[in-house]
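[1] Whatever this is, show me its structure:
(one chain, ligands or ions: 1)
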Amino acid sequence: MMTSQKEQEGTLPGQLAREKALSSEEFSLFRTLIFQESGLFLTEAKKEFLEYRLVRRMKETGASSPYWYYRYLLDNRVSEMPRLLELLTINETSFFRIRPQFDLLRDVVLPGIVAEKKQSRTPALSVWSAGCSTGEEPYSIAMEVTEFLGPVNDWRVKIYASDLNMQVLAQASRGRYPSARVTESVPPHLVQRYFIRQGDEFLVTERIRKLVVFDFHNLMHDNGLTDLDVIFCRNVMIYFDGEDQRKLIDRFHRSLKPGGYFFLGASETLQGVDDRFRFIFHRKGAAYRKAGGHGS
Ligand SMILES: C[S@@+](CC[C@H](N)C(=O)[O-])C[C@H]1O[C@@H](n2cnc3c(N)ncnc32)[C@H](O)[C@@H]1O
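    Below you'll find the model as predicted:
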């Protein structure tokens, strides 16, 4: 018998489907819990999406109904919530995503920071890629920084990269990507310098990998990072509601040093949300700068 696309994705036919379908009360219970835990806000339109994902975890945990699974989730929050969240997060990313922002990083941000630090004789640079998914973003930053500082330099560079999805973090720290994923978005001279071909995959070189520290972190909570030069948090806040966005921006503001730079995704903005940052723009690339630093 042919199975439909929905069945393959995890919905069940007939009677079973009815047992596994979410009532609106159950949807509301899950939605509140998921929101409290991750900041991820599921609109009504996401009910079916949640149902598909729940069916998968229900099968794997032997849950007989959504409510049974909800109780299980409450009783095993620490181990089960990350498993469910892994199925709900959108992990789309690519190397040098939004290329003009990397031009801005190379042409404006890095020259400014490096000149200032040379003057103060503090050759250290710290960047945070928050919501780093499978690692393409922090590795792209590491390549850009290495290009700028030169292959042999005495700078202490640290790129913190965090996510709440353990699966993507595991992939990220392997630093191994299908070759098409690399060649379609990384300029050829950087592929040559910073990747090693292994069969039909590319491995990020150790020089780049050792600049990046991957760690689990839920952006709903503080992680204590301070004095950062640059933060990238792109295409993450769009999934947060207004109040949590404001709290998150406030935490980023505290983590950045005066004059630090903040990169957001193309559909995200601070305009009208937080006036402690100044908008900067260069060759179609946009970012924000925290007030107070040298030349800001
Ligand atoms: C669409 S990807 C963006 C990846 C990368 N920043 C980019 O723009 O290419 C969003 C990432 O944010 C992560 N994420 C979502 N909510 C999060 C939270 N509350 N804490 C940490 N990471 C979160 C997801 O797991 C996912 O990997």
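
[2] Can you get me a residue count around the residue of the stretch 101-250 of the chain found nearest the ligand?
    Going by CB to the nearest ligand atom, the ligand is nearest to Gly131 of the stretch 101-250 of the chain, at 3.0 Å. (C-beta placed from N, C-alpha, C; glycine too.) Neighbourhood size, Gly131 [other CB atoms under 10 Å]: 24.

[3] In terms of pLDDT, where does the nearest residue to it once chain neighbours are set aside sit?
    Closest residue to Gly131 apart from its sequence neighbours, by CB to CB, 6 or more residues apart in numbering: Val236 at 3.4 Å. pLDDT, Val236: 94.

[4] for Ser94, same thing?
    pLDDT, read off for Ser94, is 98.

[5] Would you mind confirming that it is in contact with Ser185?
    Yes. Using CB atoms under 8 Å, Ser94 makes contact with Ser185 at a distance of 5.0 Å.

[6] Is it correct that Ser162 falls within a helix?
    No. Under DSSP: H, G, I helix; E, B strand; the rest coil, Ser162 sits outside any helix and is assigned strand.

[7] Return the set of residues that bridge with it.
    Ala130, Asp215 (DSSP bridges).

[8] Show the low-confidence segments of the stretch 101-250 of the chain, by residue range.
    Along the stretch 101-250 of the chain, no part satisfies pLDDT under 70.

[9] Please list the residues of it that sit near the ligand.
    Within the stretch 101-250 of the chain, the positions adjacent to the ligand are 131-133, 137, 163-165, 168, 218-220, 234-236, 239 by CB under 6 Å from any ligand atom.

[10] which among those end up buried?
    131-133, 137, 163-165, 168, 219-220, 234-236, 239 (16 or more other CB atoms under 10 Å).

[11] need the residues you listed in TSV with secondary structure, can you?
    Shown next, in TSV, are these (three-state DSSP):
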residue	secondary structure
Gly131	coil
Cys132	coil
Ser133	coil
Glu137	helix
Asp163	strand
Leu164	coil
Asn165	coil
Val168	helix
Leu219	coil
Met220	coil
Arg234	coil
Asn235	coil
Val236	coil
Tyr239	helix
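
[12] Those residues: which two are farthest apart?
    Within those, two members stand farthest from each other by CB to CB: Glu137 and Met220, at 20.0 Å.

[13] hmm, who's touching stretch 129-136?
    Outside stretch 129-136, the residues that touch it by CB atoms under 8 Å, 6 or more residues apart in numbering are 91-95, 97, 137-138, 141, 159-163, 165, 168-169, 171-173, 175, 177, 181, 185, 204, 212, 214, 217, 219, 231-236, 252.

[14] tell me how far the ends of that stretch are from each other?
    Using CA to CA, to the nearest Å, the span of stretch 129-136 from its first residue to its last is 10 Å.

[15] Please state the offset of it from the chain centre?
    Chain-centre distance of stretch 129-136: 4 Å, with CA atoms, centre = their mean, to the nearest Å.

[16] thought the residue nearest to Gly131 was touching Leu219?
    Yes. In this structure, Val236 is within contact of Leu219 by CB under 8 Å, at 6.7 Å.
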